[in-house]
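Asker: here is a sequence together with a model predicted from it:
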Amino acid sequence: MVNFTADQVRALMDKPTNTRNMSVIAHAGDGKSTLVDSMARKAGIVANTPYKDTGLDYLQDSSITIKSTVVSMYYELDKGDLASVKQETKGNEFLINLINPVGHVDLSSEVTTALRVSDGALVVVDCIDGLSLQTESVLFQALNERIEPLIVINKVDRALLNLQLSKEDLYQSFSHTISSINTVISALDNSIQIHPSNGAVAFTSALHGWGFTLRQFATRYAHKFGVDKEKMMTKLWGDNFFNPATRKWSTRSTDADGKPLERGFNAFVLEPIFRIFNTVLNLDPTRETIDALCDKLNVDIPEEEKELERKALLKAIMRRFLPCGDSLLEMVVINLPSPITAQRYRVQTLYEGPMDDESALGIRDCNPAGPLVVYVSKMVPTTDKGRFYAFGRVFSGTVRAGVPVRIQGPNYVPGAKVNNDLFIKSIERAVLMNGRYVDPIRDCPAGNVVGLIGIDQFLLKSGTITSAESAFNMRVMRFSVSPVVQVAVEVKNPTDLPKLVEGLKRLSKADPCVRAWVSEETGEHIVAGAGELHLEVCLKVCTCSFVESVSVMNSLSQDLENDYAYVPFTTSDPYVTHRETIRAESRIVALAKSQNRHNRLYVSAAPLSADLIKSIEDGTITGPTSRSGDPDFSRVLKEDFGWDISEARRIWAFGPEGGPNVLVDATKGVQYIGEIRDACVAGMRWAVKEGVCAEEKVRGVRLNIMDVMMNSDAIHRGSGQIIPTMRRACYAASLLADPAIQEPIFLVEIQCPESAIGSVYGCLNNRGGKVLSEAKRTGTPVFIIKAYLPVSESFGFDAELRDETAGQAFAHSVFDHWEMVDGSPLEKGSKAEEIVVQIRTRKGLKPEIPSLETYCDKL
């Protein structure tokens, strides 16, 4: 039975002070979706079925969610707890817009899209496994988006039932996990620290449906002892020890006589839980014992559940003594910021324009009467084949159907005379998205998430919708994963090719991290994803959607919403992308002459520093904002990276598309050079998009235009002459600068017992892995091994690891960095040369790299 209606939700949308937009982020398998089920069950929108949609049965068996889920929930906070909400509120009714993104690292682009429209996040951590590599990665994403985090330590039942930890050991395990998370947070923001005494940490067993924060126990003891609830919460964590003889608190673990005192958390929080577990599991309780226990706990369970035994009975008692959904929803409402609060400090990281224009002010104030600003973070497929909901958040104004709006794609440039990424259209409908279902709404004010119908053909993956002509775009999202794994797709029947092309376009639109294109050399249709599982999911969905005649279609069709092309196809073996770079400065300055021989370009190449490359890729440095030079940008390059200020002011462009390559005007006294600037930038971006060695993207190269000789007549120095000449000059400069190849590297975290360590090392050595560290997890027999593993060697690594260790080892991989391949691509027999030959052969190019004379002209 649903506890609320769409009309109630729409009424609460007009109260941004009582709205909470949040995501639940965690590593796959930490119980994230089960926690969402508990919260949804409290709201009354599910019965006993999980409120998620994995989309594929074969992954649902492994409990892996591969689709994000949006749930809007109505929650009434106890009026006595309103004083604990340290921000403006209107009444005790709250709207919680919860997004449950995918947990697996290969699919973590879904986390990025969810965080952009959220103000807070529940960071779920396994009680035993602690802070995993993937959880740390998504936590960094949340902090970069200025998201307020809360901690949920899940699977506490494992520590009690499997490991049977003592109360003090369990406390130390909790404390160590919280300290690890705070250490990660402090690396980015010292002002944020999460502490259980603030009610910002929950301890749960999502599978059994129980959980608590210190606020639940503080409320019980405040009523019992007549003390202040907030003061009691501070005593229930940390080095606070209770002396039952004097009934006083102490910060020392012993009393005046030297007798040990019990920690407050152990005595007042864990002791009741341990007694319940001991009574139900170890003492074989009678019906009278169960009744007495329930009376003491002040819980009421149905008579039929009292007939249960052991774990089933324990679960029934605990979920009524400490209901998980109540604890989590109360923590979210009290501790997470409302849109009114969050947008005041998030506007600087969200909006690209000046902070004093009307759109920025509307975002800052979350003003429903201000200019419309909506950021669409994801395109969600509908049941109508080939159509999409544009899912996003209203940051300012009110979105309504039938009103013309400006649809600005990520390539929109404010003030430009011609904008190919701008459309003025009307929104057909607005809907409230709730899992598999949608409810139409008449409009949606600022501070809420919404699904829009009728604009999907004007946006590829994301974009900004506004009503103000002066509005700038919202900042483009930065993903923590890169589409480094590729496969070639080919239809079985050539007549189905148009359907495949259209289907791949829809797939690319539906997934924020999928890239699909046609190879110019071979004519193949290429699909790129973040990892092996990511591609498997995409192609499995496509296969099941494309092939109507296969037998599995009947069992999968009920879960599939992504129907793309309906044609059978085959795929190649997966392969990885590489990057081209250089190791040193050009030996000499490269010369390239235009085709008409009237223009000459002199170009040299030099490698960029690793810190500058990282800053450009992270978006910290985005290039000069004007053609005449940006003083702030130049100062940053001078102070942080040691650039000469005059050279920093003469940077023309980053490429490709703002990537980690720089074009610098190093000429002196050349007239009319500004007339060929755009052509030189276009030629440079062409050269770094398709490198000289294997036509892979270039990374970390600074290209300097040393001198230019131009024909005095402008007709002889047009773009048709300069662009290909600039490309050839860049190629020649790279060949003269000791070219190199970079390959993508995974950071792998492997969990295994001590007996399996030898087999793990063997698997890593066979695949060229490099072990970084090995450590035993505190309080468990589990060892954690961290290693670097080339992405090209990661295919089938998980299966081999399980086979070699008899299923005792589990690996989690996340993209970490690009690493230089040994040898030079110009050196016969080297590893780099082998990789280049493989890439060129696959692309249909000649196996040999073109010689220097192909690009470098003589005087």
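Answerer: Arrived safely, thanks for sending.

Asker: give the buried residues for the helix or strand where residue 814 lies.
Answerer: Under the assignment given by DSSP states H and E, the secondary-structure element containing residue 814 is strand 810-820. Neighbour-count burial for strand 810-820, counted by 16 or more other C-beta atoms under 10 Å, picks out 810, 811, 812, 813, 814, 815, 816, 818. C-beta coordinates here come from the backbone N, C-alpha and C atoms, glycine included.

Asker: now do the longest strand along the chain: which elements does it pack against?
Answerer: Longest strand in the chain by number of residues, with DSSP state E as the criterion: strand 739-753. Secondary structure elements in contact with strand 739-753, counted by 3 or more C-beta pairs under 8 Å, 6 or more residues apart in numbering; DSSP states H and E, are strand 579-582, helix 757-766, strand 782-790, strand 810-820, helix 831-842.

Asker: change it to 6 Å
Answerer: Using 3 or more C-beta pairs under 6 Å, 6 or more residues apart in numbering; DSSP states H and E as the contact criterion, the neighbours of strand 739-753 among helices and strands are strand 579-582, strand 782-790, strand 810-820.

Asker: tell me which residues in the helix or strand that contains residue 662 are buried?
Answerer: Element membership of residue 662, judged by DSSP H and E, is strand 661-665. Residues of strand 661-665 classed as buried under the neighbour-count rule (16+ other C-beta under 10 Å) are 661, 662, 663, 664, 665.

Asker: among these, which pair sits farthest apart?
Answerer: 661 and 665 (14.8 Å; C-beta to C-beta).

Asker: so where is the stretch 551-700 of the chain shaky, pLDDT-wise?
Answerer: Where the stretch 551-700 of the chain drops to pLDDT under 70, the residues are 551-568, 623-631.

Asker: just the helices in it please.
Answerer: In order along the chain, the stretch 551-700 of the chain carries the following helices (DSSP state H, counting those that start in this stretch): 552-556, 610-618, 631-641, 645-648, 677-689.

Asker: generate JSON lines for those helices, with mean neighbour count as supplementary columns.
Answerer: Written out in JSON lines, the entries for these read as follows (neighbours: other C-beta atoms under 10 Å):
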{"stretch": "helix 552-556", "mean neighbour count": "13"}
{"stretch": "helix 610-618", "mean neighbour count": "16"}
{"stretch": "helix 631-641", "mean neighbour count": "15"}
{"stretch": "helix 645-648", "mean neighbour count": "16"}
{"stretch": "helix 677-689", "mean neighbour count": "22"}
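
Asker: nearest to residue 782, of those helices?
Answerer: Scanning the helices of the stretch 551-700 of the chain with C-beta to C-beta as the criterion, the closest one proves to be helix 610-618, at 32.1 Å.

Asker: ok, and what's touching that closest one?
Answerer: The list of residues contacting helix 610-618 from outside it, by C-beta atoms under 6 Å, 6 or more residues apart in numbering, reads 621, 641, 660, 700.

Asker: now with 10 Å, please.
Answerer: The list of residues contacting helix 610-618 from outside it, by C-beta atoms under 10 Å, 6 or more residues apart in numbering, reads 144, 478, 482, 581, 607-609, 620-623, 636-637, 640-643, 654, 658-662, 699-702, 817-818.

Asker: restrict those to the buried ones and give me that as a PyMOL selection.
Answerer: Buried residues within these, as defined by 16+ other C-beta under 10 Å, are selected in PyMOL through the command that follows:
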select buried, resi 144+482+581+607+608+621+636+637+643+654+658+659+660+661+662+699+700+701+702+818
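
Asker: please name the residues that touch the nearest residue to residue 736 once chain neighbours are set aside.
Answerer: Counting by C-beta to C-beta, 6 or more residues apart in numbering, the nearest residue to residue 736 once its immediate chain neighbours are dropped is residue 586, at 4.2 Å. Residues near residue 586 by C-beta under 10 Å, 6+ apart: 603-606, 703-704, 706, 732-738.

Asker: try 6 Å
Answerer: So residue 586 contacts 604, 605, 733, 736, 737 (C-beta under 6 Å, 6+ apart).

Asker: ramachandran angles for it?
Answerer: Backbone dihedrals for residue 586, given as degrees, to the nearest 10, come out at phi -60, psi 140.

Asker: ok, it to residue 660 distance?
Answerer: Distance of residue 586 to residue 660, computed by C-beta to C-beta, to the nearest Å: 18 Å.

Asker: circling back: so for the longest strand of the chain, what's the average pLDDT?
Answerer: Averaged over strand 739-753, pLDDT sits at 88.

Asker: given that strand, what are its sheet partners and their directions?
Answerer: Sheet pairing here is set by DSSP bridges, and for strand 739-753 it gives strand 579-582 (antiparallel), strand 782-790 (antiparallel), strand 810-820 (antiparallel).

Asker: tell me how far the shortest one lies from the chain's centre.
Answerer: Relative to the mean C-alpha coordinate of its chain, strand 579-582 is positioned 27 Å out (C-alpha atoms, centre = their mean, to the nearest Å).

Asker: ok, the second one next?
Answerer: With C-alpha atoms, centre = their mean as the basis, strand 782-790 stands 22 Å off its chain's centre.

Asker: tell me the angle of that strand relative to helix 757-766?
Answerer: 10 degrees (axes from the mean of the first three to the mean of the last three C-alpha atoms, to 10 degrees).

Asker: hmm, who's touching strand 782-790?
Answerer: Around strand 782-790, the neighbours that count as contacts under C-beta under 6 Å, 6+ apart are 743, 745-746, 748-752, 754, 760, 764, 768-777.

Asker: ok so, going back, now the buried residues of strand 810-820 in JSON lines, with distance to residue 681?
Answerer: Supplementary listing: those in JSON lines, determined by distance: C-beta to C-beta, whole Å:
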{"residue": "810", "distance to residue 681": "48"}
{"residue": "811", "distance to residue 681": "43"}
{"residue": "812", "distance to residue 681": "41"}
{"residue": "813", "distance to residue 681": "37"}
{"residue": "814", "distance to residue 681": "34"}
{"residue": "815", "distance to residue 681": "29"}
{"residue": "816", "distance to residue 681": "31"}
{"residue": "818", "distance to residue 681": "24"}
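
Asker: pull the most distant pair out of these.
Answerer: So for the buried residues of strand 810-820, where distance means C-beta to C-beta, the most widely separated pair is 810 and 818, at 26.1 Å.

Asker: okay, now residue 806: neighbour count?
Answerer: The number of residues packed near residue 806 is 10, by other C-beta atoms under 10 Å.

Asker: can you give me the pLDDT of it?
Answerer: pLDDT, read off for residue 806, is 80.

Asker: sec struct for it, please.
Answerer: coil (DSSP: H, G, I helix; E, B strand; the rest coil).

Asker: grab the nearest non-local neighbour of residue 325.
Answerer: residue 42 (2.8 Å).

Asker: repeat for residue 132
Answerer: Distances taken as C-beta to C-beta, 6+ apart put residue 27 closest to residue 132, at 4.2 Å, once the chain neighbours are dropped.

Asker: show residues contacting the helix or strand encompassing residue 721.
Answerer: Take DSSP H and E as the rule and residue 721 turns out to sit in helix 719-735. Around helix 719-735, the neighbours that count as contacts under C-beta under 6 Å, 6+ apart are 582, 586, 590, 592, 594, 596, 599, 601, 603-605, 676, 679-680, 682-684, 686-687, 692, 703, 852, 855-856.
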